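**Student:** Sequence and predicted structure below; questions after.
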Amino acid sequence: MILTDDGSTPVVDANWVVTSARYNGDGNLEVQLTRKDGSSGNVSGGQGGTDSSSSGALEDLSNKAQELGDKAQELGDTAQNLGDTAQNLGDMATDAWNALQNGISGAQGN
């Protein structure tokens, strides 16, 4: 496969390596390329590309999205723990009420 900007001049040569390949949300094949000198480009669906600054920005956004997802998971876990604690407190209150009712009934029976 030869990637080009204008259909004639190759953009990718032996100085590039594929660092990842995946299908994006549109169903296009997205290939992440890194130049051996450290710059990178992103080609989606075999057309176009981004420079290393755009690729870096997308990676930063992806990392931020992952962090937000992790925080949301932590909040969900905390909410679950609070719900469990509330359930336990409710159970204890019910047990205390039942014990009080049993005590009153026992005292009245004597």
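**Tutor:** Nice, thanks for sending it over. Numbers count the residues shown, from 1 in each chain.

**Student:** so what are the domain limits for the chain?
**Tutor:** 1-50, 52-101 (automatic domain parsing).

**Student:** hey, least reliable of these by pLDDT?
**Tutor:** Note on the domains of the chain: domain 1-50 shows the lowest mean pLDDT, a mean of 65.

**Student:** Let me know whether my guess that Gly25 is in a strand holds.
**Tutor:** No: counting by DSSP: H, G, I helix; E, B strand; the rest coil, Gly25 falls outside a strand, being coil.

**Student:** Torsion angles phi and psi at it?
**Tutor:** The phi and psi values for Gly25, taken as degrees, to the nearest 10, are phi -60, psi -20.

**Student:** residues touching it, list them.
**Tutor:** By C-beta atoms under 8 Å, 6 or more residues apart in numbering, the contact set of Gly25 is empty. Bear in mind the C-beta positions are built from the backbone N, C-alpha and C, glycine included.

**Student:** Report the separation between it and Asp91.
**Tutor:** Noted for Gly25: a distance of 46 Å to Asp91, by C-beta to C-beta, to the nearest Å.

**Student:** before we move on, what about Gly27?
**Tutor:** Gly27 is 51 Å from Asp91, where distance means C-beta to C-beta.

**Student:** who has more neighbours, those two?
**Tutor:** In this view Gly27 and Asp91 are compared by other C-beta atoms under 10 Å, and Asp91 has more residues nearby, 10 against 7.

**Student:** which secondary structure element contains the more buried one?
**Tutor:** Assigned by DSSP states H and E, Asp91 falls within helix 52-109.

**Student:** Now do that helix: which elements does it pack against?
**Tutor:** strand 40-44 (3 or more C-beta pairs under 8 Å, 6 or more residues apart in numbering; DSSP states H and E).

**Student:** now with 10 Å?
**Tutor:** strand 29-35, strand 40-44, strand 47-50 (3 or more C-beta pairs under 10 Å, 6 or more residues apart in numbering; DSSP states H and E).
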